[in-house]
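*Asks:* Next one to model:
(one chain, ligands or ions: 1)
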Amino acid sequence: MKQRSKPKKGLARLLELAGAKKQKLIAACLLSVLSSAARIVPFFTIYNVILELLRHYTDLDQINSMRIFICTAITFAAVLLYGICAFSSSALAHTAAYDIIYELRLKLVEKLSRIPSGYFTHTTQGAIKKILSDDAEQLEVFLAHHICDIATAITMPVFTLLYLFFMDWRLALVTLAPIVISFCLLSACLNKPDKAALQVELANAQETMQGTIVEYIHGMPVVKVFNRTLSAFQRYERDLSNFVHVVSKTAHANAKPMGAYYAFFGAQLLFLIPASLLLIPTAKSYLDFLPVVLLFFLVGSGLKEPMEDMMVKVLDSNRVIEGMNRIDGILMQDEISETGTGNPTGYDVTFEQVSFSYSEGTQAVRNVSFRLPADSVTGLVGPSGGGKSTLAQLILRFYEPQQGRICIGGVDIRNISLARLTQLVSYVFQDSFLFHDTVENNIRMGNTTASQEQVEQAAKNAGIHDTIMALPKGYATVIGEQDAYLSGGEKQRLAIARVFLRDTPIIILDEATAYADAENEAKIQQAFARLSRGKTVLMIAHRLKTVERADQLLVMDTGELVGAGTHERLLKDCGPYAGLVAANERRDRWTIKRSGKGGDAE
Ligand code: ADP
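*Replies:* Residues are numbered from 1 along each chain as shown. Got it, this is the predicted structure:
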């Protein structure tokens, strides 16, 4: 496994993920800051115009019209600059965000294909979907909008305050006072231990409620079949009302501090009016002081909005960072080594003292050694949970064995790249997954460059051609649309067609446990037989009849290989196999008796 270096955190990590688009994002933020600077220029020019008008209000002819014209021109230029910068910033941020998220999603999907399949056994599809869709989406919105908004929301109040301090530091301090008081009140409230505990309770209640909703929706068929609607709904209702209760408790607890915070935060005028009155006697000239006071009334009270905006955006960014951590949870997974250059020319498969466990303690496969000769069929049998599927999946490097080695043509599969390995081995799963796509494209998954004739030939070999031709649009039918559904057996034959098209020298077949009907079963067995010609085949058999005539049989029981040989030899020498055969016969007799005696079980 390849080890990854420790990732960066927060904004630094975000910029790292942005890669080459980082410059675009930085440029977008700078343009956004410039646009916010341009936005406060009109306050300055209006102040100068008022100053000029007041200075000469007794003799209007004395007004310096050139000064007024320059102020007007600067105002227009500033508005124009604001428009250009805001537009360019938004355009740059949006294109950078789309590019970053496009590449990130590709990276995630590529990564998912390179990490051991064990990851998927303890991570739900829902969780992966949330990361690829919701978390990535959230990141896109943050990069396209919020990152520039935050830059603006921080710089706008800073520019404004600097300007106000430049005009009159005393009034600037008075403008700043309610903001500082409200922040102190808020942080004193949020830092109390009981408030922190309440936030945790709120997050837990929300998580529980969301979990119940997802479970309720996923389990809907079971809920209906067992008529458990009411009890399942009661739990949903209980979690929902618990969430409402915690929200209301939090709202009550926060009412006073938040009220005080909001009361002070927007209260600049409350402080500015008395302060201005007190400062009038200290002013050199009433006419000079009045425009300054007016400016503070105008600009000071306008500080509230961008600062509030900044707080909301900064709090929001925490959620984005949490999402980014989840994305990193995938990106930082150990990968299956891809450096292998081994290129086997023989196609026999050997297991040499292989042991594997999913988790510490219990071994799913214990010290197993055997050989699958090229051009032979091996049946893998044993009781459920014996380790058959695990053994087969180890050949495809779904997991890495903790001990021993697996070789193809004498080459350790750890030295074979995954790309090469998939050219060597195909796996027909019991429950084959079909994409929401045309039948043809589903078969083409096996070989995207195959011609139409090759696709049809593969379908014929798999015994599914006639079924496809009976579909509304034949090979162009989208599975799941226009009432075009396939039965379990038909799906498996479609999956076999994929493998025919792929034409790998080694094939692993997982026999489906329940075919819909005898006809389907016969067709699948014929397809399996055709597919197996000249190949190294390992067939996981759940019914012994299907592999009785295999070249050799391997018997797995509780992770150990307890027998290997032909059917006849094993019947004589291998107790567990003889036991399996007897159990199979009893099951078959039980089925016959039930149908024969109208319901009597043996
Ligand atoms: P078989 O195919 O013979 O029914 P498996 O290979 O599926 O047996 O299972 C072998 C053992 O490994 C069983 O004890 C099973 O519970 C365990 N096992 C199978 N898959 C997983 C998994 N993804 N995570 C943890 N344990 C597993």
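
*Asks:* can you count the residues close to Thr378?
*Replies:* For Thr378, the neighbour count with other Cβ atoms under 10 Å is 22. C-beta: built from backbone N, CA, C; applies to glycine.

*Asks:* Quick one: name the residues of the stretch 301-450 of the chain near the ligand.
*Replies:* By Cβ under 6 Å from any ligand atom, the residues of the stretch 301-450 of the chain that approach the ligand are Tyr358, Ala364, Gly382, Ser384, Gly385, Gly386, Gly387, Lys388, Ser389, Thr390.

*Asks:* quick one: which two of the residues you listed are the most distant?
*Replies:* Distance extremes for these: the farthest pair is Tyr358 and Gly382 at 17.4 Å, using Cβ to Cβ.

*Asks:* Neighbour count: the two, which is higher?
*Replies:* A direct count of neighbours by other Cβ under 10 Å for Tyr358 and Gly382 places Gly382 higher, at 26 against 14.

*Asks:* quick one: the more buried one and Met556, what's the gap?
*Replies:* Note on Gly382: its distance to Met556, by Cβ to Cβ, to the nearest Å, is 4 Å.

*Asks:* so what sits against both of the two?
*Replies:* Common contacts of Gly382 and Met556 (Cβ atoms under 8 Å, 6 or more residues apart in numbering): Lys388, Val562.

*Asks:* So which of the residues of the stretch 301-450 of the chain next to the ligand sits lowest on pLDDT?
*Replies:* Confidence by pLDDT is poorest for Tyr358 among those, given 83.

*Asks:* Name the SS class of it, please.
*Replies:* coil (DSSP: H, G, I helix; E, B strand; the rest coil).

*Asks:* Quick check: phi and psi on it?
*Replies:* Backbone torsions for Tyr358, taken as degrees, to the nearest 10, come to phi -70, psi -40.

*Asks:* What sits closest to it if chain neighbours are left out?
*Replies:* Nearest in space to Tyr358, with sequence neighbours left out and distances taken as Cβ to Cβ, 6 or more residues apart in numbering, is Ala364 at 5.8 Å.

*Asks:* who are the neighbours in contact with the residue nearest the centre of the chain?
*Replies:* Central residue of the chain (Cα atoms, centre = their mean): Ile131, 2.0 Å from the mean position. For Ile131, the contacting residues are Leu108, Gly323, Arg326, Ile327, Gly329, Ile330, by Cβ under 8 Å, 6+ apart.

*Asks:* Just put those residues in JSON lines and tack on secondary structure and neighbour count.
*Replies:* JSON lines is the format used below for the contacts of Ile131 (DSSP: H, G, I helix; E, B strand; the rest coil; neighbours: other Cβ atoms under 10 Å):
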{"residue": "Leu108", "secondary structure": "helix", "neighbour count": "18"}
{"residue": "Gly323", "secondary structure": "helix", "neighbour count": "19"}
{"residue": "Arg326", "secondary structure": "helix", "neighbour count": "17"}
{"residue": "Ile327", "secondary structure": "helix", "neighbour count": "22"}
{"residue": "Gly329", "secondary structure": "helix", "neighbour count": "14"}
{"residue": "Ile330", "secondary structure": "helix", "neighbour count": "20"}
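
*Asks:* so when I look at Cys407, I'm seeing a strand, right?
*Replies:* Yes - counting by three-state DSSP, Cys407 is part of a strand.

*Asks:* Who does the closest residue to the ligand within the stretch 401-550 of the chain form a beta bridge with?
*Replies:* For the stretch 401-550 of the chain and the ligand, the shortest gap (Cβ to the nearest ligand atom) falls at Ile540, measuring 6.6 Å. Ile540 has the following beta-bridge partners by DSSP bridges: Leu380, Asp510.

*Asks:* Start at 15, not 1
*Replies:* With the count now opening at 15, the last piece we talked about shows up as Ile554.

*Asks:* Can you get me a residue count around it?
*Replies:* Neighbour tally, Ile554, other Cβ under 10 Å: 21.

*Asks:* wait, it sits on Thr560?
*Replies:* No - counting by Cβ atoms under 8 Å, Thr560 is not a contact partner of Ile554; they are 10.2 Å apart.
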